[in-house]
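Student: Below are the sequence and a predicted model for it; my questions follow.
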Amino acid sequence: MWWRSQIAPSATQQQNNSSLEPIQFTVSPGTAGQQIGQQLIQAGLIKSSEAWKLWVWWQQKQDPTGGFKAGTYLLSPQDNLPAIAEKIWRGELMQTKFTIPEGWSIQQMAQYFESVGYFSAEDFVAAASKIPTDKYPWLPPNLPHLEGFLYPDTYKISSDRIGNPQDIIEVMLNQFQQIALPVYQENKKQTNLSLLEWVTLASIVEKEAVVKDERGLIAGVFTQRLKRGMTLGSDPTVEYGLGIKQTADRPLTFAEVATPSPYNTYINAGLPPTPIASPGIASLEATLKPESTEYLYFVARYDGTHVFSKTLAEHEAATKQIRRQRQNQL
């Protein structure tokens, strides 16, 4: 079009702008087109208000139902006016990424979001305690929080959503709905687990399984223990209930393991009341299709693998041996 040549930057302008970094530019809701032009001039992104008016007039003739979209954009001073204007007209908002690893709890997510400046940890925890059954009717009833249902993944979202924890939660629930929920629906006839029980057991498998090749076997051990009415005896459930984290040099004490908690699976038979973390798809699938095994016990080595045992005596012997090895290494 003839007007593009009138508003494209000259070679001198391009050379002067070549060292300039992209600029974050925010369009507030309800901002008029001409006001956006003035703000772009003030930001040093365009030069001419008349050229901006001409572009707006032409675009409205071509697309009378369209309009500029509110949000934050990453705009380069090296781009010409049409490129900048079209990006705002189409709503090509600035994108940001965040990653939630498999096995993180709501508390860990909250601390992460606060550390990167999205919002406070307290606000995220509060938002995760609101159960949006109106939008997600598949969520189990009477949930106290969304632990386990905030799907762990790497997300790319528009930057205007990072200030609202509820928006982030909906993004993660949408991912659970798209990836995890169909897996359960396809296999629920072959399992005795409800949706809540499935995610809860998978979250324990996720926390216990460090080596991926052991995931199905760990799921098999827990499945066998549940069938026999045995307690699961899972350390991560005790840690979750007490809000602590054991290490190789500071394992759980006998007093901690004996501390009553709804999540203490050494004391309480069956599954804890809710998941203890967000399981990934591998742990979710392993829980639906656990390996068939005669093992009923396992104890962690200090390399991420486990020693599996069929009897309590074998398990206690393996535990003592691993502790001796650890002491010899210190």
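Tutor: On my side now, so go ahead. This one's a predicted model, so the numbers in the text were calculated from it and none came from an experiment.
Student: how about the residue nearest to residue 28 when sequence neighbours are not counted, what does it touch?
Tutor: Nearest non-adjacent residue to residue 28, counting by CB to CB, 6 or more residues apart in numbering: residue 70, 6.1 Å away. The way it works is simple: take the backbone N, C-alpha and C, and place the C-beta from them, glycine included. Neighbouring residues of residue 70 by CB atoms under 8 Å, 6 or more residues apart in numbering: 27, 28, 29, 30, 31, 160.
Student: Spatially nearest residue to the first one (excluding sequence neighbours)?
Tutor: Using CB to CB, 6+ apart and skipping residues adjacent in sequence, the residue nearest residue 27 is residue 70, 5.0 Å away.
Student: still on that earlier bit, for the residue nearest to residue 28, give me the pLDDT.
Tutor: Residue 70 carries a pLDDT value of 82.
Student: cool, residue 324 as well?
Tutor: Predicted confidence (pLDDT) for residue 324: 85.
Student: Which of the helices or strands spans it?
Tutor: In this assignment (DSSP states H and E), residue 324 forms part of helix 312-329.
Student: could you pull out the helices for the stretch 151-300 of the chain?
Tutor: 165-175, 181-187, 195-208, 215-227, 235-242, 254-257, 281-288 (DSSP state H, counting those that start in this stretch).
Student: So which bits of the shortest one are buried?
Tutor: Okay, so that is helix 254-257. residue 256 (16 or more other CB atoms under 10 Å).
Student: roughly how far out does that helix sit from the chain middle?
Tutor: Offset of helix 254-257 from its chain centre (CA atoms, centre = their mean, to the nearest Å): 31 Å.
Student: Also the third one?
Tutor: Taking CA atoms, centre = their mean, the mean C-alpha location of helix 195-208 is offset from the chain mean by 16 Å.
Student: Alpha carbons only: can I get it in PDB?
Tutor: Taking C-alpha atoms only, helix 195-208 is exported to PDB below (Å, rounded to 0.1, in the frame of the first residue of the first chain):
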ATOM      1  CA  LEU A 195     -10.600 -40.400  40.600                       C
ATOM      2  CA  LEU A 196      -9.500 -39.000  43.900                       C
ATOM      3  CA  GLU A 197      -8.000 -42.400  45.000                       C
ATOM      4  CA  TRP A 198      -6.200 -42.700  41.600                       C
ATOM      5  CA  VAL A 199      -4.600 -39.300  41.900                       C
ATOM      6  CA  THR A 200      -3.800 -39.800  45.600                       C
ATOM      7  CA  LEU A 201      -2.000 -43.100  45.000                       C
ATOM      8  CA  ALA A 202      -0.200 -41.800  41.900                       C
ATOM      9  CA  SER A 203       1.000 -38.800  44.000                       C
ATOM     10  CA  ILE A 204       2.600 -41.300  46.500                       C
ATOM     11  CA  VAL A 205       4.200 -43.300  43.600                       C
ATOM     12  CA  GLU A 206       5.500 -40.000  42.200                       C
ATOM     13  CA  LYS A 207       7.200 -39.100  45.500                       C
ATOM     14  CA  GLU A 208       8.600 -42.600  46.000                       C
END
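Student: hang on, the earlier thing: quick one, which of the helices of the stretch 151-300 of the chain gets closest to residue 114.
Tutor: Closest to residue 114 of the helices of the stretch 151-300 of the chain is helix 165-175 (CB to CB; 10.3 Å).
Student: What residues of the closest one count as buried?
Tutor: For helix 165-175, by 16+ other CB under 10 Å, it's 165, 166, 167, 168, 169, 170, 171, 172, 173, 175.
Student: my guess is residue 201 contacts residue 271, does it?
Tutor: Yes - using CB atoms under 8 Å, residue 201 makes contact with residue 271 at a distance of 6.1 Å.
Student: can you list residues touching both of those two?
Tutor: By CB under 8 Å, 6+ apart, the residues touching both residue 201 and residue 271 are residue 226.
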